[in-house]
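1. prediction below, plus the sequence it came from.
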Amino acid sequence: MTVTVEKAEKPEQTQVVEQDAPVRSGRGVSRSMVVGAILLVWLVLFAVLRGRQTLSLAAADLTDLHRWFNDVNDSIGANRDSNPLFLYFFNEIRLVIDSLVTFVQELISQPSADRPVPQIGWLGVVGIAGYVSWAMGNWRVALLAVAGFTFLGLQGLWQESMDTLALTVSAVFVALLFAIPLGVWAGLSDRFNRIATPFLDFMQTMPTFVYLAPLTLFFLIGPASATIATLIYAAPPAMRITAHAIRSVPKTTVEAADSLGATRRQSLTKVLLPMSKQTVVMGVNQTIMAALAMVTIAALIDAPGLGKTVIQALQSLDVGTAFNAGLAIVVMAIVLDRVTTAASGREEAARRSKNRFPAWRRPLLGVGAAVTAVLIYLSHTYVWGAEFPGEGGVGSAISSGADTVTTWAQDNLSGVTNAFRDALTNGLLNPFQTLLTDSPWWLVGAALIALGVVLGGWRAGITTAVCVALLVGTGVWSDSMTTLASTVVATVLVMLLGIVFGVWMGRSALVDRLLRPSLDAAQVMPPFVYLVPFLALFGATRFTAIVAAVVYAAPVAMKIIADGVRNVPATTVEAATSAGCNTWQIITKVQLPMARGALTLATNQGLIYVLSMVVVGGLVGAGALGYDVVAGFSQGQLYGKGLAAGLAIVLLGVMFDRITQAAARRTGA
Amino acid sequence: MARQARQWRVGAAGIAVLGLTLTACGGAKVGDSSSEAGGSGGSGKCGTFNLAVNPWVGYEANAAVIAYVAEQDLGCKVTKKDLKEEIAWQGFGTGEVDAVVENWGHDDLKKKYITGQKTAVDAGPTGNEGLIGWYVPPWLAKAHPDILDWNNLDKYAAEFKTSESGGKGQLLDGDPSFVTNDEALVKNLQLDFKVVYAGSETALIQAFRKAEKDKEWVIGYFYEPQWFMSEVPLEKVKLPEYKDGCDADAEKVACDYPVYKLDKIVSAKFAKSGSPAYDLVKNFSWTNDDQNVVAKYIAVDKMTPEAAAKKWVEANRDKVDAWIK
Amino acid sequence: MTTQTEVPQRRGTPQDSGSTPVISVRRLWKVFGPKADQVPDSDELCGLTRRELMDRTGCTAAVRDVHFDVSPGEVFVVMGLSGSGKSTLVRCLTRLIEPTAGEIVFEGEDIRQADAKRLRDLRRRKFSMVFQHFGLLPHRRVVDNVSFGLEIRGMGRSERTRRAQEVVELVGLAGYENSFPDQLSGGMQQRVGLARALAGDPDVLFFDEPFSALDPLIRRDMQNEVIRLHHEVGKTMVFITHDLSEALKLGDRILIMRDGKMVQCGTGDELVGAPADDYVREFVKDVPRGDVLTLRWIMRPPADGDELDGPELGPDVVVKEATRAVLAADKPVKVVDNGKLLGIVGDEEILAVVAGHEGGA
């Protein structure tokens, strides 16, 4: 090992070639030693070559690629009225989607035709929400839906909430229209799956800011652009989960249908689709959540609803109002989540309760429908049923409460938080960032490739190499490295929190039940809401960006790890207990090692979630790629650079994703 | 048995609700003219007026007043669209935006849309003057008055150090919406500072607010008119004076930002439409103080833009009349 | 390797030596991996062991040069340990897995030549299969699972429900028609699988280790069930198992596979009485020989001095059943077939088998 360190002057690949054989044989020790060796070589070379060939680019500087992106963007804008593609393709799409959204809006949120109010007022909507939740789920979620929707009204945000709901429903509808059939196709065809995956990665990691402005060129300002921006981000989960569901149908069952002479179509409609229905509903659920996450961003292109309230409140740093609106988004998300989850489990539940259930269910459904119809009629006809009564006193109480809490925290905590910030920034972030940004680009690239090969194998190594080459091509290498440093630090924090809380939740059902709603809330609450207090606590720094990313990403890691720990077979834990392990030993020697797959998945998802917060980080002092994207969105001449920075984020995401997934497969094998 | 009882109960509930319907006729019906006035009918002449609203409070003040006057006095149907600048300008071409009513320079956009695509035209100044520059919190200006001259900045550079500034003083920059010369300025004035990008107006305001409250050292890029000035009156640092053309080469800038005459931009189509709303936009002009009042109503007093505009218009009828005469 | 002993069938199955086989398999190969179809054609590659083939070409030969015939009404068992290729073999027979080379003739038609439509038709009318893990549809009730094949054929609802009901009763599931599969025990689920296979009234039933996921007691019940059904409906069956006692209990003839190759094919008493090699010998070592071997296997030629006026028994009488008669007689028993004396069996021969220390020769 020492020999390889000494002779290190060529890129590390050669060294890895020698090391690969023992690694393949699967001993973890040797692999971590190789990783250590790579890092050591890197450090030595860094000391020698520091500051050379770092490919840094000042904030206002552009490369040819960036200018070319600008030109393309400009020429699209200049030609959009004469181009047949626009006249006959994009315009048609826009018209269809616009009329869909307008239809839903006039139904529940916007004044329609000659009426000053929508067709269905609050009473009708609450009635429908309750009835549908009950019919598709159970009475418990129906109660939740009624309570949740009423709460939206009490917050004084009825119309904003309905605007958001209308847009979300339309976007989810259109998304599913494409995502489910394509997902089925991807589930059936490996080849299509391989082709589709990079596109889905792209759709999920490309920052929305990058395509928001061009979208309005293609689909104009209005519902269509907002819907399409939302569905670009929201459709991939449904497609991936549908594909996964199709693939998870037991092979024997499909074979049984084949052996009975089923045609492809028959086995699809009678076996694959019914059997994957439950999982597909979970995909729908994920799509709804993702669509709600886009609410604030869509507000930047005039999408009506709660997002606008958040953005406007933010202009005057009105945390209370922003929080109130954010809370409405959370409430809506929780209602929709619980209802879809209950819907996916309903058939199962109905089967459990055997035959007596459907007998009185049917007439009851009829009665429910009748009551709902009455409510709709009332809300259509009478003002008291159309407009939510009251002034939203609950909302003001929530706002001022949130304000009080924020002010208290800002006044009393900033000493502690500053010390913590400085320790982390100086102790971990700065050295790491210096190593990444001040090393020659080829050295960092070689080290990344080497790590990719060692951790993920050759295929991952090749992907890494391609990503590194493209990153250099984007012209924002140095910014990418700055972002990479923050991302890695944030991911480390996410994993620390994830392991601590995940294990705790995995071991105790009570803790899990208590924490889960807050985790859901942290995932759906628009980051814009908590950025203001964070800024007050930590200032406009990279650390603030890291904290925001951790708040967003840690819940995912916690949930995945909790599930992993819970899925460790009880007999194994029992065996360890009977062998005299104490709790600590059970956790470290049994539960965590056996949840290794979950840990890797949590790392993967944690990283991707952290990356999706890069742009938000750019708004609070992270600089680098996030700032490039935001500035590109705001200033025409920086558009190309913003696009390049967005691509760089995608590349970082793909690189991490492939390495961690390959590593997961290797450790899993 | 139980099931029938249950069914019956639900049925009863349904009937109760029905009964409620019949007896609850006290409620006003939707569409009763008495309950919903819905604007003042309006003459058909104005039609729909699409007003872009860029995301800052000062702009919102302009838009609120113009929209209020257009609706109340001209009978227009005003559609406000919340958009970032670039997207709003794009809207001129697609016909979805009629007017932008507070524009900060944006020579790049003017070049692209006014001289290039010819989809937009200038509609004159708003009367507001935009200042851009480096600002410090008031306590700092009071405690160290000499800091307001750039020549003395280096003396205090060490005080401005943060975790982000890599050993130099931190110059907090960066509402990404606007062009900054600060990196070039720091370099060309040979200051011992590093530009750190806060990334948003929110971040800048929060930093200044906290600096004033906790007596912290902060210097950063800011601008006025801005509602925040009425909460914390920041002091501007004097940079080498702006002379025509001193910012021609972005690399070599070593002078202050020019004073921006904020102006209004309308779509070419709108300018030719003969709509009274166009004349309103064209004639609209007020002072920084006027805007600050309305901005304060919105941002500090938390009034809705409509209410804020109403309050101001009622107090300044003479100015409004001059726009629509 | 393969030994096909020329011995007439033990049981009185409706298989005359002259009747045409239902299924006739010739030179069947299934190779997984790149350029799989080169393997069966190359004499050199054919000669390699599975491991060598893997190293040389990256291919896995799951089924190698298999041939056998299945007669009408016969229960034909394919037996082997896991990885021996038996499950692949049975899937090749209905082309659930596409064979690499060889011929599968079913009722005079080479199935490998059938196009997709014809193949589907065969599967709908002629074959059906019972799977190890049942492969039931969890979202359908028992009766809808059973009628699934009929539904696929396009049979009307009332007719297929009526037919399904009959079959449900035939397999002893009456009363459970409206249950969902996950409400049933494993054994009952497999009855559903069996009913589904029977519902279409196929000519041939394929069983892929149908009972290996079941508890021993339930497994025995199910085996008896199959024997009963075989008596009642008389279908030709191809049965895959890794359990020798199951094979001996159900099979008219048994094919033993190892590493994709045939090792031996014959009746149960042939395997026990004349194992083809040490592998088979090891397999059958613990079989209670008296239950399997017939007198044919233990008789000796009459020697001088043997008294030839003892009782007579047929050559296909199982040793266990003959024991009492032989021991009761004070003279050796004559083994007679069609009036022809084949040999004699005395107390020593019987005791050697029953006491269990007769050499395996």
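-> All right, it came through fine.
2. quick one: neighbours of residue B:114, just the number.
-> 18 (other CB atoms under 10 Å in any protein chain shown). Where you see a C-beta, it was placed from the backbone N, CA and C, and this is true even at glycine.
3. cool, residue A:48 as well?
-> Count around residue A:48 with other CB under 10 Å applied: 10.
4. just the pLDDT for residue 255.
-> As the question left the chain open, I've gone with chain A. In this model, residue A:255 is scored at 87, pLDDT.
5. can you look at chain C instead?
-> pLDDT, read off for residue C:255, is 91.
6. show the backbone phi and psi for it.
-> phi -110, psi 120 (degrees, to the nearest 10).
7. run through the bridge partners of it.
-> The partner list for residue C:255 in beta bridges (DSSP bridges) reads residue C:78, residue C:265.
8. what count of nearby residues applies to it?
-> 27.
9. and the spatially closest residue to residue C:346 that is not a sequence neighbour, how close does it get to residue C:324?
-> Closest residue to residue C:346 apart from its sequence neighbours, by CB to CB, 6 or more residues apart in numbering or on different chains: residue C:332 at 4.0 Å. Distance, residue C:332 to residue C:324, by CB to CB, to the nearest Å: 15 Å.
10. okay, now the domains of chain B?
-> Split into domains by automatic domain parsing, chain B comes to B:48-128+B:261-324, B:131-252.
11. which of residue C:332 and residue C:324 has more neighbours?
-> residue C:332 (25 against 10).
12. for that one, give me the pLDDT.
-> For residue C:332, pLDDT reads 81.
13. so it is in contact with residue C:307, correct?
-> Yes. Contact criterion CB atoms under 8 Å: residue C:332 and residue C:307 qualify, at 6.8 Å.
14. check contacts around the residue in the stretch 201-350 of chain A that chain B sits nearest to.
-> Nearest residue of the stretch 201-350 of chain A to chain B: residue A:316, at 3.5 Å (CB to the nearest CB). Each residue near residue A:316 by CB atoms under 8 Å, 6 or more residues apart in numbering or on different chains is listed here: B:57, B:227, B:298-300, B:302.
15. just those: which are in helices?
-> Judged by DSSP state H, the contacts of residue A:316 include B:57, B:298-299 as members of helices.
16. and the domains of chain B: which comes nearest chain C?
-> Across those, closest to chain C is domain B:48-128+B:261-324 (CB to the nearest CB), at 47.2 Å.
17. just checking that closest one against chain A, any contact.
-> Yes. Domain B:48-128+B:261-324 is in contact with chain A by CB under 8 Å from any CB of the partner chain, via B:55-57, B:60, B:81-87, B:90-91, B:93-94, B:96-97, B:108-109, B:112, B:116-117, B:298-300, B:302.
18. report the buried members of the residues you listed.
-> B:55-57, B:60, B:81-87, B:90-91, B:93-94, B:96-97, B:109, B:112, B:117, B:298-299, B:302 (16 or more other CB atoms under 10 Å in any protein chain shown).
19. give me the low-pLDDT residue ranges for the chain?
-> Let's take chain A. A:1-29, A:58-60, A:80-81, A:113, A:347-359, A:667-669 (pLDDT under 70).
20. wait, chain C
-> Scanning chain C with the threshold set as pLDDT under 70 gives C:1-19, C:356-361.
21. spatially central residue in chain C, please.
-> residue C:77 (1.3 Å; CA atoms, centre = their mean).
22. is it in contact with residue C:250, as I believe?
-> Yes. In this structure, residue C:77 is within contact of residue C:250 by CB under 8 Å, at 6.1 Å.
23. which neighbours do those two have in common?
-> The contact lists of residue C:77 and residue C:250 share C:239, C:241, where a contact means CB under 8 Å, 6+ apart.
24. tally of neighbours for residue 238?
-> Chain wasn't specified; assuming chain A. 28.
25. chain C is the one I meant
-> When neighbours are counted by other CB under 10 Å, residue C:238 registers 25.
26. pull the contacting residues for residue 149.
-> If you meant another chain, say so; for now it's chain A. A:122, A:125-126, A:129, A:161, A:335.
27. wrong one, I was asking about chain B
-> B:237-238.
28. rerun that using 6 Å as the cut-off
-> residue B:238 (CB atoms under 6 Å, 6 or more residues apart in numbering or on different chains).
29. for it, list each beta-bridge partner.
-> Beta-bridge partners, per DSSP bridges, of residue B:149: residue B:238.
30. pLDDT score for it?
-> Per-residue confidence (pLDDT) for residue B:149: 87.
31. now the contacts of residue A:316 in JSON lines, with pLDDT?
-> Listed next are the contacts of residue A:316 as JSON lines, based on pLDDT from 0 to 100:
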{"residue": "B:57", "pLDDT": "84"}
{"residue": "B:227", "pLDDT": "83"}
{"residue": "B:298", "pLDDT": "87"}
{"residue": "B:299", "pLDDT": "83"}
{"residue": "B:300", "pLDDT": "82"}
{"residue": "B:302", "pLDDT": "82"}
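32. and which of those is nearest to chain A?
-> Each of those was scored against chain A by CB to the nearest CB, and residue B:299 proved nearest at 3.5 Å.
33. mind showing which ranges of the stretch 151-300 of chain B have poor pLDDT?
-> B:174.
34. spell out which parts of it neighbour chain A.
-> B:163-164, B:176-177, B:183, B:197-200, B:202-203, B:205-207, B:210, B:299 (CB under 6 Å from any CB of the partner chain).
35. what's the burial count for residue A:641?
-> 29.
36. helix, strand or coil for it?
-> With DSSP: H, G, I helix; E, B strand; the rest coil as the basis, the three-state label of residue A:641 is helix.
37. give me the ChimeraX select line for the contacts of residue A:149, limited to the buried ones.
-> Selection of buried members from those for ChimeraX, criterion 16+ other CB under 10 Å:
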select /A:122,125,126,129,161,335
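38. wait, the residue nearest to residue C:346 sits on residue C:311?
-> No. Taking contacts as CB atoms under 6 Å, residue C:332 lies outside contact range of residue C:311: 9.3 Å.
39. assign residue C:335 to helix, strand or coil.
-> strand.
40. OK, contacts around the residue in chain C positioned nearest to chain B?
-> Chain C approaches chain B most closely through residue C:178 (19.7 Å), counting by CB to the nearest CB. The neighbours of residue C:178, taking CB under 6 Å, 6+ apart as the test, are residue C:141.
41. quick one, phi/psi of it?
-> Per-residue torsions, residue C:178: phi -100, psi 10 (degrees, to the nearest 10).
42. state the distance from it to residue C:195.
-> Residue C:178 is 14 Å from residue C:195, by CB to CB.
43. ok, now residue A:519?
-> Using CB to CB, residue A:519 is found at 47 Å from residue C:195.
44. how about the helices in the stretch 201-350 of chain C?
-> C:216-233, C:244-250, C:268-273, C:278-284, C:289-292, C:295-298, C:319-328, C:347-355 (DSSP state H, counting those that start in this stretch).
45. now do the buried residues in the longest one.
-> The reference is to helix C:216-233. By 16+ other CB under 10 Å, the buried positions in helix C:216-233 come out as C:218-219, C:221-223, C:225-226, C:229-230.
46. ditto for the second one
-> Going by neighbour count (16+ other CB under 10 Å), the buried part of helix C:244-250 is C:244, C:246-250.
47. from the residues you listed, which are also near chain B?
-> Okay, of these, nothing touches chain B (CB under 6 Å from any CB).
48. those residues: which two are farthest apart?
-> Spanning the widest gap among the buried residues of helix C:244-250 are C:244 and C:250, at 11.1 Å by CB to CB.
49. shared neighbours of the two, anything?
-> Joint contacts of residue C:244 and residue C:250 (CB under 6 Å, 6+ apart) do not exist.
50. so is the helix ranked longest in chain A next to chain B?
-> Scanning chain A for the helix with the most residues, using DSSP H, yields helix A:319-352. No. If you take CB under 6 Å from any CB as the test, helix A:319-352 misses chain B, and the best it gets is 7.6 Å.
51. after that helix comes which helix or strand?
-> helix A:356-381 (DSSP states H and E).
52. packing partners of that following helix?
-> helix A:122-136, helix A:383-386, helix B:2-23 (3 or more CB pairs under 6 Å, 6 or more residues apart in numbering or on different chains; DSSP states H and E).
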